[in-house]
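**Q** build me a model from this:
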Amino acid sequence: MPRYKLGRCNLPEILDELGISNIEFAEKMGMSRQQAGDYINNKKKMGTALTFSVADTLGILDRSIYPLIEVPIKASTRRKQKSQNEE
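**A** So this is what the prediction gives:
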């Protein structure tokens, strides 16, 4: 089974494409400009519920906000997982 990590937040590009300013985004989401800026500038990552809420508010897919990046699994981890699955 592959493992994933979150990629860089795509909100700046998404907001630009939608013609929404950072201030408008903050107002739509009911958050402070500082908090919105932290998410937009990748200083903080949004939790799952907030990511879904943002996607719903903007009318986009949640996966477009944070792309998933596959993380290679070390051979020793793969062997351990395989042996656990065989039990």
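**Q** now for the residue nearest the centre of the chain: which residues touch it?
**A** By C-alpha atoms, centre = their mean, the chain has its centre lying nearest to residue 66, at 2.9 Å. For residue 66, the contacting residues are 6-10, 45-46, 51, by C-beta atoms under 8 Å, 6 or more residues apart in numbering. For glycine as for every other residue, the C-beta is placed from the backbone atoms N, C-alpha and C.
**Q** try it again at 6 Å.
**A** Going by C-beta atoms under 6 Å, 6 or more residues apart in numbering, residue 66 touches 6-7, 9.
**Q** now swap in residue 28 and tell me
**A** residue 57.
**Q** alpha carbons of the host helix or strand of it, as CSV, please.
**A** Assigned by DSSP states H and E, residue 28 belongs to helix 22-29. Coordinates of the C-alpha atoms in helix 22-29 are reproduced here as CSV (Å, rounded to 0.1, in the frame of the first residue of the first chain):
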residue,chain,number,x,y,z
ASN,A,22,-6.8,36.9,0.0
ILE,A,23,-9.1,39.3,1.9
GLU,A,24,-12.2,38.0,0.1
PHE,A,25,-11.1,34.5,0.8
ALA,A,26,-10.7,35.3,4.5
GLU,A,27,-14.2,36.9,4.6
LYS,A,28,-15.8,33.9,2.7
MET,A,29,-14.3,31.5,5.2
